[in-house]
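Peer 1: curious how this folds, go ahead:
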Amino acid sequence: MNPRLKICGIRRIQDVNYLNLHAPDYAGFILSKPFWRYIDPGQMKILHELLHPGIRRVGVFVNPELHEIRDYARFLDVIQLHGEESGEFIRLVRENFPELEIWKAVRVRNPEDIHRADLLPVDKLVLDSFSENSHGGTGTLAPWDVIVRNRPEKEFFLAGGISAENIRDAVREVRPFGMDVSSSVETGKCKDVSKIRAILEILRTVEGA
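Peer 2: Numbers count the residues shown, from 1 in each chain. The predicted structure is shown next:
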């Protein structure tokens, strides 16, 4: 089966037009401040209405309050928690938004990071690279070797520096459920339709997990 593709950091109408043209599986929206790709609820409503219904909407939050998730929940299929959210908080999210999937992003340094996340009450994981200064979007490769040797039980997306140049190797070596890309399909901090097309063309010819 070909791995799924999530294109994250969608923030413009033009970005949505590109996704509608090439149909990745998931579109990711940054819904926490102060990240530069952040979009407010009004912008989210517009992009949600324009995005093809077959593309699932993923809201990315970093250490949110429940009311912040609630402002966006009606536009989403998935809540992705990308901070230091506890198991207790995740259970509260599950109770308040039972209709939505919950994913937990993990900035992987060692096997324990993966094992701890695998025990959380979430549907899927996003395994990303670790940075002291950022919760994501650094363009740095995650430690594939650590992930391969410590595969979680849960389905997971591989994030962190995935591009057209390395996505084929990433699929073959790591065998994730899906790939998560953002900056590698941008030019000048804007989504680039040719890069989106290129990465999808490669992904659709490679057998995954």
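Peer 1: strands of the protein, start to end?
Peer 2: Remark: strands assigned in the chain by DSSP state E are 4-7, 26-30, 56-61, 78-81, 101-108, 124-129, 156-158, 178-181, 186-187, 190-191.
Peer 1: Ile13 contacts Gln43, correct?
Peer 2: No. Between Ile13 and Gln43 there is no contact, the gap being 9.5 Å when judged by C-beta atoms under 8 Å. In short, each C-beta sits where N, CA and C put it, glycine included.
Peer 1: re the thing from before, can you put the strands of the chain in TSV and add mean pLDDT, mean neighbour count and distance to Thr205?
Peer 2: Putting the strands of the chain into TSV (pLDDT from 0 to 100; neighbours: other C-beta atoms under 10 Å; distance: least, C-beta to C-beta, whole Å) gives the following:
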stretch	mean pLDDT	mean neighbour count	distance to Thr205
strand 4-7	97	24	13
strand 26-30	98	24	19
strand 56-61	98	23	22
strand 78-81	98	24	26
strand 101-108	97	22	26
strand 124-129	96	24	23
strand 156-158	98	27	17
strand 178-181	97	26	13
strand 186-187	96	14	23
strand 190-191	97	17	22
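Peer 1: contact partners for Gly59?
Peer 2: Remark: with contacts taken as C-beta atoms under 8 Å, 6 or more residues apart in numbering, Gly59 is in contact with Gly28, Phe29, Leu31, Met44, Ile69, Tyr72, Ala73, Phe75, Leu76, Val78, Ile79, Gln80.
Peer 1: can you pull out the helices in this protein?
Peer 2: Secondary structure of the chain (DSSP state H): helices at 13-22, 41-50, 66-70, 87-96, 111-118, 144-149, 167-174, 193-203.
Peer 1: make TSV out of these and add mean neighbour count, distance to Met1 and mean pLDDT.
Peer 2: As requested, those are arranged in TSV below (neighbours: other C-beta atoms under 10 Å; distance: least, C-beta to C-beta, whole Å; pLDDT from 0 to 100):
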stretch	mean neighbour count	distance to Met1	mean pLDDT
helix 13-22	17	19	98
helix 41-50	15	28	98
helix 66-70	14	31	97
helix 87-96	14	27	98
helix 111-118	16	21	97
helix 144-149	14	18	97
helix 167-174	17	11	95
helix 193-203	18	11	96
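Peer 1: nearest to Arg4, out of the ones you listed?
Peer 2: Set against Arg4 and scored by C-beta to C-beta, those come closest in helix 193-203, at 8.8 Å.
Peer 1: do you know how far the nearest residue to Glu153 once chain neighbours are set aside is from Val108?
Peer 2: Excluding its sequence neighbours, the residue lying closest to Glu153 (C-beta to C-beta, 6 or more residues apart in numbering) is Asp118, at 5.6 Å. Taken as C-beta to C-beta, to the nearest Å, the spacing of Asp118 relative to Val108 amounts to 12 Å.
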